[in-house]
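> With the sequence up front, the predicted model follows.
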Amino acid sequence: MTLRVRVTPEAQADIVDGRDWYEVASPGLGADFVDEVEATLRSAAEWPGAARVVDTTMRRALVARFPYGVFYVVDGGDLVVLGCVHVRRHPRVWKRRRPQ
């Protein structure tokens with residue numbers, strides 16, 4: 001069963017920031033970034049347990065071609081995306097987003 005994907009406002013802002021950064025670096029690369037993030041979300045929704053657990057119930061799925069991780073939790077039938085963060089960012093960036 002494929003889970004429904006819910007993207008939090010913080011995670012949506014992360015994706016937009018990444019897209020904008022890559023688009024400035026190389027026109028068209030921003031769209032490629034979004035495509036890869038969407039592919040990661042589809043895969044995570046289909047196989048939510050496949051990604052590595054990084055903090056209690058939070059998982060990280062790596063984005064192909066880009067040094068980003070999609071951080072999410074499963075809540076019932078939903079895959080709740082908490083962030084899309086560069087892998088070199090300090091862990092406190094995504095840890096502070098975990099559900100209480």
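Great, that's in hand. If you're wondering where the values come from, they're calculated on a predicted model, not measured in any experiment. Numbers count the residues shown, from 1 in each chain.

> So what touches stretch 92-99?
8, 10, 54-58, 60, 69, 71, 73, 75, 80, 82-83, 85 (CB atoms under 8 Å, 6 or more residues apart in numbering). The way it works is simple: take the backbone N, C-alpha and C, and place the C-beta from them, glycine included.

> among those, which ones are buried?
58, 60, 69, 71, 73, 80, 82, 83, 85 (16 or more other CB atoms under 10 Å).

> what's the helix or strand for the residue nearest the centre of the chain?
Residue closest to the average C-alpha location in the chain (CA atoms, centre = their mean): residue 70, at 2.0 Å. Assigned by DSSP states H and E, residue 70 belongs to strand 68-75.

> Can you list the strands that that strand pairs with?
Using DSSP bridges, the strands paired with strand 68-75 are strand 58-62 (antiparallel), strand 78-86 (antiparallel).

> now the ones you listed as TSV including distance to residue 47 and mean pLDDT?
Converted to TSV, those look like this (distance: least, CB to CB, whole Å; pLDDT from 0 to 100):
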stretch	distance to residue 47	mean pLDDT
strand 58-62	9	97
strand 78-86	10	96
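
> ok, back up a step: was I right about the residue nearest to the centre of the chain contacting residue 40?
Yes - the criterion here is CB atoms under 8 Å, and residue 70 meets it with residue 40 at 5.1 Å.

> which neighbours do the two share?
61, 62, 63.

> what number of residues lie near the last one?
Using other CB atoms under 10 Å, residue 63 has 21 neighbouring residues.

> So for stretch 33-41, what gets flagged as buried?
33, 34, 36, 37, 40, 41.

> Just the ones of the residues you listed in helices?
33, 34, 36, 37, 40, 41 (DSSP state H).

> from the residues you listed, which two are the most distant?
Pairwise distances across these peak at 12.8 Å for 33 and 41 (criterion: CB to CB).
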